[in-house]
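J.: All I have is the shape, not the residue letters:
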């Protein structure tokens, strides 16, 4: 049963081949038996899952149930879930029981989707390897001595190890697409403002966007249909109708113009990864698309601009954790300042502290113009690169990550090396564009991701391109060896 | 731009993060590395470019000033570290 895609589960539930309780129990049993190896879940919500599954079965029996009714998924532990610990993988929120649901969680509840549990991640989504989690690192199912990517590493490992058929995730600089690449999955980060951020614990508010990790593009399209909505509670959410993302999946690609940015194939790209991207380009040519060389000349400035803007926003967002209203509080504070200082110092891990300090520096008097304002200007130049490129092409194609999954500890001592892991994904967040990663082969028995970047609100087109690739190839059907 | 451990101590105080001398020295090194990366921004001319705060250049939406949420003090205070009589408890501030 754990081999099924979301589309197959929907079909099976509709045909009464199995019940939601049966599928849910099957996954819960697998998690209990196998997740010791991967550490992909922080919290497994056994009782809630079975209650939701039983309720879904009733709705299914009554007829007229929504498409996703009874399908179990996992939620990244960044999304607030009523009555369930929502930790953001931080000691700061280890005892935080969310008093409300994130909008996307609520959307899925209304659709009858079952929550299996909350997945592990980098602390406050700050990391590219899932090594900053207070609950310990997540192991990549393809090679357990390697990282699953981050920050949505738990969501990715859970889906890759068949401990969930799909999972929610979030992406501030590559946190959906890079784990998708490293774990051999499909991952989509929608356009900024497409999906509500309400109830998604904030890291960098002008960059954060929720999305999906799944096994196929079709599954991502089905899940995005219910995740996306206009939400007045998120003032940056865009008031725009949500199309049926499955409608264009089978559209032919004849005449579609694919741009390949030369800056995405420079120094630092693993040659074996590059070869697989070249092979994927050939697949698209055979499907009728035309390939064009494009230039995104400010690409090299995306990581520097990001590491001003994201820490600046993080230092402001994380100032709310004061040990007073919720979250960790130190023992026996001697005064209010001591309460703030020790609660925050005990509650936050090293990477979070580093980013708060970098952000505080970039925003401090005398440095604001040189860092923060400068980075925001460069951000506009980076967005303009894409606007210019989309004058001549419909979609942009390149690698998701410079190389396949790396070993634990190999980049933890050098934050800059870790930051460069996201060199191809960060610009998309700065520009606010949708991006998607799909598997395109293996290097040294580890998956490689192909990235597609679309114009604003072109999610349907990206999913169409991804689905057509998956009709022509079977890379997405490859599963990690040794998965029970 | 290199940053000294004394700068780190000042920033840490501003950010309400406690940091000992050894940690401040380590942080000074890693944060200097991050700032060296970030300093690449200075090489590019951005004269006349407007800072970009929102990908779609959206403006803040406003709504009518009407009550839309009910008070949920008890629910919110049930997850607070310390409360009394509907108030959040903190150490004595005024001597």
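T.: Good, I have the coordinates. Please read all numbers here as calculations on a predicted model, not as lab measurements.

J.: Touching the least confident helix or strand in chain A by mean pLDDT from outside, list them.
T.: Least confident helix or strand of chain A, by mean pLDDT, DSSP states H and E, is helix A:415-419 with a mean of 87. With C-beta atoms under 8 Å, 6 or more residues apart in numbering or on different chains as the test, helix A:415-419 has contacts from A:127-129, A:303, A:306-307, A:351, A:354, A:411-412, B:30, B:33-34, B:36-37. Quick note: C-beta positions are derived from backbone N, CA and C, even for glycine.

J.: Report the buried members of the residues you listed.
T.: Buried subset of those (neighbour count, 16 or more other C-beta atoms under 10 Å in any protein chain shown): A:127-129, A:303, A:306-307, A:351, A:354, A:411-412, B:30, B:33-34, B:37.

J.: Any figure for the gap between the residue of chain A found nearest chain B and residue A:210?
T.: Closest residue of chain A to chain B, C-beta to the nearest C-beta: residue A:432 (2.2 Å). Per C-beta to C-beta, to the nearest Å, residue A:432 is found 14 Å from residue A:210.

J.: So between the two, which is more surrounded?
T.: residue A:210 (27 against 24; other C-beta atoms under 10 Å in any protein chain shown).

J.: Output the lowest mean pLDDT helix or strand found in chain B.
T.: helix B:21-38 (a mean of 88).

J.: Give the closest residue to the residue of chain B found nearest chain A in space, chain neighbours not counted.
T.: Proximity to chain A, evaluated over chain B using C-beta to the nearest C-beta, is greatest for residue B:55 at 2.2 Å. Excluding its sequence neighbours, the residue lying closest to residue B:55 (C-beta to C-beta, 6 or more residues apart in numbering or on different chains) is residue A:432, at 2.2 Å.

J.: Next: residue A:145.
T.: Nearest non-adjacent residue to residue A:145 (C-beta to C-beta, 6+ apart): residue A:407, at 5.6 Å.

J.: burial of that neighbour, as a residue count?
T.: Neighbour count of residue A:407, defined by other C-beta under 10 Å: 12.

J.: give me every residue that touches the one residue sitting closest to the centre of chain B.
T.: In chain B, the C-alpha closest to the average C-alpha coordinate belongs to residue B:15, at a distance of 7.0 Å (C-alpha atoms, centre = their mean). Contact analysis of residue B:15 by C-beta under 8 Å, 6+ apart lists A:315, A:319, A:344, A:356-357, A:360.

J.: Repeat that for residue A:4.
T.: Neighbours of residue A:4 in contact, by C-beta under 8 Å, 6+ apart: A:12, A:165.

J.: Next one: it from residue A:72, what distance?
T.: With C-beta to C-beta as the criterion, residue A:4 and residue A:72 are 11 Å apart.

J.: Find residues that contact each of the two.
T.: residue A:165.

J.: Next, residue A:135: secondary structure please.
T.: Three-state call for residue A:135 (DSSP: H, G, I helix; E, B strand; the rest coil): coil.

J.: correct me, but it touches residue A:39?
T.: Yes - between residue A:135 and residue A:39 there is a contact at 7.1 Å, judged by C-beta atoms under 8 Å.

J.: Could you tell me which residues touch both of these two?
T.: Joint contacts of residue A:135 and residue A:39 (C-beta under 8 Å, 6+ apart) are residue A:120.

J.: can you pull out the helices in chain B?
T.: For chain B, the helices defined by DSSP state H cover B:5-14, B:21-38, B:73-77.

J.: From residue A:352, how far off is the nearest residue to residue A:122 once chain neighbours are set aside?
T.: Nearest non-adjacent residue to residue A:122, counting by C-beta to C-beta, 6+ apart: residue A:151, 3.8 Å away. Separation of residue A:151 from residue A:352 (C-beta to C-beta): 12 Å.

J.: Got phi/psi on residue A:171?
T.: Main-chain torsions, residue A:171, degrees, to the nearest 10: phi -140, psi 110.

J.: For residue B:1, give me the pLDDT.
T.: The score at residue B:1 is 62. That number is its pLDDT.

J.: Same check on the one 3 residues further on?
T.: Residue B:4 is assigned a pLDDT of 87 by the prediction.

J.: residue contacts, it?
T.: Counted by C-beta under 8 Å, 6+ apart, residue B:4 has contacts residue B:28.

J.: how deep is residue 92 tucked in, by neighbour count?
T.: Unless you meant another one, I'm taking chain A. 26.

J.: try chain B instead
T.: 8.

J.: Touching, residue A:382 and residue A:430? I think so.
T.: Yes - with contacts counted by C-beta under 8 Å, residue A:382 reaches residue A:430, the gap being 5.0 Å.

J.: The two: which is more packed in?
T.: Set residue A:382 next to residue A:430 and count neighbours by other C-beta under 10 Å: residue A:430 wins out with 30 against 23.

J.: helices or strands next to the host helix or strand of the more buried one in the packing?
T.: In this assignment (DSSP states H and E), residue A:430 forms part of helix A:426-431. On a contact count with 3 or more C-beta pairs under 8 Å, 6 or more residues apart in numbering or on different chains; DSSP states H and E, helix A:426-431 meets helix A:302-317, helix A:374-389.

J.: what residues does the last one touch?
T.: For helix A:374-389, the external contacting residues (C-beta under 8 Å, 6+ apart) are A:259, A:261, A:294-299, A:301-302, A:304-305, A:308-309, A:312, A:362, A:396, A:427, A:430-433, A:453, A:455, B:38, B:41-42, B:44, B:46, B:49-53, B:55.
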